[in-house]
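1. just need the structure, nothing else, for what follows:
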Amino acid sequence: PALLAWLLPVEWISRVVVFSSLVLLLVLGAVAAWLGGAPIAKGAVRVAFWGVVAMVCTYLVGQLFGAPVA
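-> This is a model prediction of the structure:
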């Protein structure tokens, strides 16, 4: 996501970074579950869900303090 944010035009950054972060969270969750011997889909969804919760909380705190959002 950081590399994409550096390469993309400003108007695309928010959508692409959120989407790529979600995809990478799914992949990392699946890999972690596989390595740990847990169900892959369940691990991927769990990591993605809590990642989305963290992104939403970050967005809301930014809104609370008036941080600009692209």
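
2. gap between residue 61 and residue 54?
-> 11 Å (C-beta to C-beta, to the nearest Å). In this view, the C-beta of every residue, glycine as well, is placed from N, C-alpha and C.

3. which SS state does the residue positioned nearest the centre of the chain fall under?
-> The residue at the geometric middle of the chain, judged as the C-alpha nearest the mean C-alpha position with C-alpha atoms, centre = their mean, is residue 21 (3.3 Å). Using DSSP: H, G, I helix; E, B strand; the rest coil as the criterion, the local structure at residue 21 reads helix.

4. tell me, how many neighbours does the residue lying closest to it once chain neighbours are set aside end up with?
-> Setting aside the residues directly before and after it, residue 21 is nearest to residue 1 in space (C-beta to C-beta, 6 or more residues apart in numbering), at 4.9 Å. Other residues near residue 1 come to 15 when the count uses other C-beta atoms under 10 Å.

5. tell me the contacts of residue 1?
-> Listed by C-beta atoms under 8 Å, 6 or more residues apart in numbering, the contact partners of residue 1 are 17, 20-21, 24.

6. need phi/psi at residue 39.
-> phi -60, psi 130 (degrees, to the nearest 10).

7. how far away is it from residue 10?
-> Computed as C-beta to C-beta, the residue 39 to residue 10 distance reads 40 Å.

8. what mean pLDDT does the helix or strand where residue 41 lies have?
-> Following DSSP states H and E, one finds residue 41 within helix 40-64. In this model, helix 40-64 has an average pLDDT of 94.

9. quick one: buried residues of that helix?
-> By neighbour count, and taking 16 or more other C-beta atoms under 10 Å as the criterion, the buried residues in helix 40-64 are 43-48, 51.

10. re the thing from before, from residue 41, how far out is the residue nearest to the centre of the chain?
-> In terms of C-beta to C-beta, residue 21 sits 19 Å off from residue 41.

11. and if you look at residue 51?
-> In this view, residue 51 and residue 41 are 16 Å apart by C-beta to C-beta.

12. next one: residue 64
-> If you measure residue 64 against residue 41 using C-beta to C-beta, the figure is 34 Å.

13. residue 52 too?
-> With the distance defined as C-beta to C-beta, residue 52 ends up 16 Å from residue 41.
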